[in-house]
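Engineer: pasting a predicted model and its sequence here:
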Amino acid sequence: MAKEWLYGRQPVREALRAGRRHFFRLLTSRSLGKSPELKEILDLAGRKRIPIETVPRNVLERTIGSSHHQGLALEASGYPYADPAELLASVSPRSLYLLLDHIQDPQNVGTLLRTAEAVGVSGTFIPGRRAASITPAVSKASAGAVEHLQVAEVTNLKRTLESLKAAGVWIAGLEKTPEAIRYDARSWDLPLAVVVGSEGKGMSRIVREACDWLVYLPMVGHVESLNAAVSGSVFLYEVMHPLLT
């Protein structure tokens, strides 16, 4: 079984809360201190009978290869990806999906997945190649939100979009083109899939052509665009706003 180290208080806590992985041991720093959050983590680890080891901070840094561990590292099995076929078979009138078209920055992926979890996205599809996978860095960037999400790796995003459309899902892709409409120009009916393109290049041509709408966010400042994570997050909240109020 493949293993990896989750690090940071939020990712460790949410992984333990979700309980979707196998856990092997928890490393804690000798200078960890005390807090309600830490007590919850230690209580969860105790209930799950996870061995807890107290080590110097430099051992933690060497173990995970980062100084951003906040005094905790959890050895766990790899991320539990969802079955794409099961996600596609579970479309309902209230479904909202997120598709990431070859986004490579773990910070952007983590931010988008944190928003996706916050607004109740039904499932997320990411490419299995030439894109950031769900690594401990992505879990850290998502503040552990990814541990509660259904994320599926797929070999072909266009085929996935076609399957979603066949199931009655509308497709909206974020990209500023002459034919694109403002993100708030209409009410967004569910079921809907939101597509966010890669940093710099945006969506690939075949993915763009599969969209029912192309959508842009208006800009009134001096910068020309928002990054993928910010624009995707804004649009997800716009779509879900009627259901969140």
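Structural biologist: Structure received.

Engineer: do you know how far Arg130 is from Leu100?
Structural biologist: According to Cβ to Cβ, to the nearest Å, Arg130 and Leu100 sit 11 Å apart. Where you see a C-beta, it was placed from the backbone N, CA and C, and this is true even at glycine.

Engineer: between these two, which one's more packed in?
Structural biologist: Between Arg130 and Leu100, Leu100 has the larger neighbour count (other Cβ atoms under 10 Å), namely 26 against 8.

Engineer: where does Pro218 land on pLDDT?
Structural biologist: Looking at Pro218, its pLDDT stands at 87.

Engineer: same check, this time on Gly110
Structural biologist: In this model, Gly110 carries a pLDDT of 96.

Engineer: how near is the residue nearest to it when sequence neighbours are not counted to Gly8?
Structural biologist: Nearest residue to Gly110, sequence neighbours excluded (Cβ to Cβ, 6 or more residues apart in numbering): Ala141, at 2.3 Å. In this view, Ala141 and Gly8 are 10 Å apart by Cβ to Cβ.

Engineer: next, Arg114: phi, psi?
Structural biologist: When read as degrees, to the nearest 10, the backbone of Arg114 gives phi -60, psi -40.

Engineer: which residues does the biggest helix by length in the chain contact?
Structural biologist: Longest helix in the chain by number of residues (criterion: DSSP state H): helix 228-244. Outside helix 228-244, the residues that touch it by Cβ atoms under 8 Å, 6 or more residues apart in numbering are 94, 96, 98, 103, 105, 107-109, 111-112, 115-116, 119-121, 172, 174, 183-184, 187-188, 190, 192, 194, 196-199, 215, 217, 225-226.

Engineer: export that helix to PDB, keeping only CA atoms.
Structural biologist: Below are the C-alpha coordinates for helix 228-244, written out as PDB (Å, rounded to 0.1, in the frame of the first residue of the first chain):
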ATOM      1  CA  ALA A 228      -7.600  30.200 -12.100                       C
ATOM      2  CA  ALA A 229      -8.300  29.600  -8.400                       C
ATOM      3  CA  VAL A 230      -9.800  33.000  -7.800                       C
ATOM      4  CA  SER A 231     -12.000  33.100 -10.900                       C
ATOM      5  CA  GLY A 232     -13.200  29.600 -10.400                       C
ATOM      6  CA  SER A 233     -14.000  30.300  -6.800                       C
ATOM      7  CA  VAL A 234     -16.000  33.400  -7.600                       C
ATOM      8  CA  PHE A 235     -18.000  31.600 -10.300                       C
ATOM      9  CA  LEU A 236     -18.800  28.600  -8.000                       C
ATOM     10  CA  TYR A 237     -20.200  31.000  -5.400                       C
ATOM     11  CA  GLU A 238     -22.200  32.800  -8.100                       C
ATOM     12  CA  VAL A 239     -23.700  29.500  -9.200                       C
ATOM     13  CA  MET A 240     -24.500  28.300  -5.700                       C
ATOM     14  CA  HIS A 241     -25.700  31.700  -4.300                       C
ATOM     15  CA  PRO A 242     -29.400  31.000  -4.700                       C
ATOM     16  CA  LEU A 243     -29.000  27.800  -2.700                       C
ATOM     17  CA  LEU A 244     -26.800  29.300   0.000                       C
END
